[in-house]
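Engineer: Below is the sequence, then the predicted model.
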Protein chains: 2
Amino acid sequence: MSSAESAVETIQREMTVFARRARASAGRIHPELSLVSYTLLGHLEESGGCRATDLAAHYALDKSTVSRQVAALERAGLIERRPDPEDHRVQVLRLTGAGQEILAQVTRRRRAAFRERLAQWPEEDLVRFAAYLERYNAGAAGLGPG
Amino acid sequence: MSSAESAVETIQREMTVFARRARASAGRIHPELSLVSYTLLGHLEESGGCRATDLAAHYALDKSTVSRQVAALERAGLIERRPDPEDHRVQVLRLTGAGQEILAQVTRRRRAAFRERLAQWPEEDLVRFAAYLERYNAGAAGLGPG
DNA sequence: GCATTCCGGTTGCAGAGTACAACTCGCGCC
DNA sequence: GGCGCGAGTTGTACTCTGCAACCGGAATGC
C-alpha cells in the first residue's frame, strides 16, 4: 500500500473516531442544545438566514428531519420563520435574539473545549489543519464518504 | 479573533459537516453494514481482537450499545467471541473469516470513494492531513468535543 | 386559462442507535 | 466468606432519521 493509500485509510478511520466522540461529548458541552440543533443554528448564523431545504442539502439530511428540528427550534424561540414575499412556498429561517445568545454561549464553551484540546498545537498547524478540512468538505459536497 | 481561534472555529465546523455527510453516505457505500458495525469491525481487525469494553471506551459508546451491536455482528457470523481463559468475565471478540471478507470488501469500496474524493490531493498533503487527524484524536482520548 | 409538473414543506410511520438503570456473574481484596 | 468492582446483558424509553404520502404555491405546457 502506498503511503498515499495508507494516509487515505487513516483519514477515514480517524474521521469516524472523531465523529463518534463528538456526538458523545455534545451532551456534556451543551445539554440544552442537541448536536444537530447546535449545528443548524450555527449554519443559520453563518449564512445569515436560509431555507430549510438549504440546511437539508448542506448536511445531507432529509427534508422531513430538518422540518422537525426547525419546528423544535422555533418552539424554543431560538429561530423564527418568515414567509418569502418572492415565493410563497418558501420560509426563510433566521436566528432570534435568544437564538443568537444561546448559540454564542454554546460556541464559547465549545470553543474553549476545542482550544484546550488544541492548545499544544502551533498556530501554523492549526491553520493548515483547518484548511485541509475545508478543502476536503468543499470537494464534491454531499458525495463520497464524507 | 486570532487566526488560531478562527482555525479552531473552522475545524469544529468542518468536522461536524464531515460527520453528518459520512453518516448519510454510509448507507450508499455499504448497505449490508451499518456505519457503526463497519467501524467496530475495522477496530477489531486493526487491534487483532479486543473486548467489548475496549470498543465502548474507544468510541465513547455505552457498553449496552456495544453489547447489542456485537450481538448483531455475531448473529450475522462476522465476529466470534471466545471466553478469556484468564478472566471468565471477559469475552474476546475476533473477526471470523466471513467478517474479514465483508470488511475487506467494504473497505475497498469505501477507499475507492475516498480516493476519488482525494484524487487531486498531492500525497504530501494527504500524509499531513492524516497525521493531523491522528494527532487530534490521540490527544486526550474521549475528552473534549472530539 | 387550465392541466401538468415541479418544488418547499409537513405529517404519519417505522426502524436504527443510543443511554440509563437494574441485573447477573466472575474477580480481587479484606 | 463477605464486600466492592468490573464485564456484559436486558428492559425501557427517547431521539434522530428516512421514506412515503400528502398539501399548497409556482412554473411550464398546451
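Structural biologist: Received the coordinates, thanks.
Engineer: rest of the way, CA atoms for contacts and neighbours
Structural biologist: Will do.
Engineer: Tell me the helices and strands packed up against the strand or helix carrying A:A131.
Structural biologist: Element membership for A:A131 (DSSP states H and E) is helix A:123-138. When contacts are defined as 3 or more C-alpha pairs under 8 Å, 6 or more residues apart in numbering or on different chains; DSSP states H and E, helix A:123-138 sits against helix B:3-29, helix B:123-138.
Engineer: one more time with 6 Å
Structural biologist: Packed against helix A:123-138 by the contact rule (3 or more C-alpha pairs under 6 Å, 6 or more residues apart in numbering or on different chains; DSSP states H and E) you find helix B:3-29.
Engineer: Name the helix or strand for the most centrally placed residue in chain A, please.
Structural biologist: Nearest to the geometric centre of chain A sits A:T39, at 3.5 Å (C-alpha atoms, centre = their mean). Remark: A:T39 resides in helix A:35-47, with elements defined by DSSP H and E.
Engineer: same thing with A:G77?
Structural biologist: With DSSP H and E as criterion, A:G77 is part of no helix or strand.
Engineer: I'd like to know how far it sits from DNA strand D.
Structural biologist: According to C-alpha to the nearest atom of the strand, to the nearest Å, A:G77 stands 16 Å off from DNA strand D.
Engineer: Just the pLDDT for that residue.
Structural biologist: Note on A:G77: pLDDT of 95.
Engineer: returning to what we had before: check what contacts the following helix or strand past the helix holding A:T39 and list those residues.
Structural biologist: With elements assigned by DSSP H and E, the helix or strand that comes after helix A:35-47 is strand A:50-51. Strand A:50-51 has contacts (C-alpha atoms under 6 Å, 6 or more residues apart in numbering or on different chains) with A:V92, A:L93.
Engineer: mind listing what's buried in the helix holding A:T39?
Structural biologist: Buried positions in helix A:35-47, judged by neighbour count with 16 or more other C-alpha atoms under 10 Å in any protein chain shown: A:L35, A:V36, A:S37, A:Y38, A:T39, A:L40, A:L41, A:G42, A:H43, A:L44, A:E45.
Engineer: do stretch A:71-79 as well
Structural biologist: Buried, per 16+ other C-alpha under 10 Å, within stretch A:71-79: A:L73, A:E74, A:L78, A:I79.
Engineer: Which residues does that stretch contact?
Structural biologist: Against stretch A:71-79 from outside (C-alpha under 6 Å, 6+ apart): A:E80, A:R94, A:L95, A:T96, A:A98, A:G99.
Engineer: so of those residues, which ones are in helices?
Structural biologist: Those of the contacts of stretch A:71-79 mapping onto helices are A:A98, A:G99, per DSSP state H.
Engineer: If any of the contacts of stretch A:71-79 are buried, put those into a ChimeraX selection.
Structural biologist: What follows is the ChimeraX syntax selecting those of the contacts of stretch A:71-79 that are buried according to 16+ other C-alpha under 10 Å:
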select /A:80,94,95,99
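Engineer: Is DNA strand D within reach of the lowest-mean-pLDDT helix or strand in chain A?
Structural biologist: The least trusted helix or strand in chain A, going by mean pLDDT, DSSP states H and E, turns out to be helix A:3-29, with a mean of 82. No - taking C-alpha under 7 Å from any atom of the strand as the criterion, helix A:3-29 and DNA strand D are apart, separated by no less than 9.9 Å.
Engineer: orientation of that helix relative to helix B:3-29 in degrees?
Structural biologist: Angle of helix A:3-29 versus helix B:3-29, following axes from the mean of the first three to the mean of the last three C-alpha atoms, to 10 degrees, is 100 degrees.
Engineer: Low-confidence ranges, chain A, go.
Structural biologist: Within chain A, the segments meeting pLDDT under 70 span A:1, A:139-146.
Engineer: What residues does it have near DNA strand C?
Structural biologist: A:20, A:24, A:51-54, A:63-65, A:67-68, A:70-71, A:89-92.
Engineer: Lovely, talk soon.
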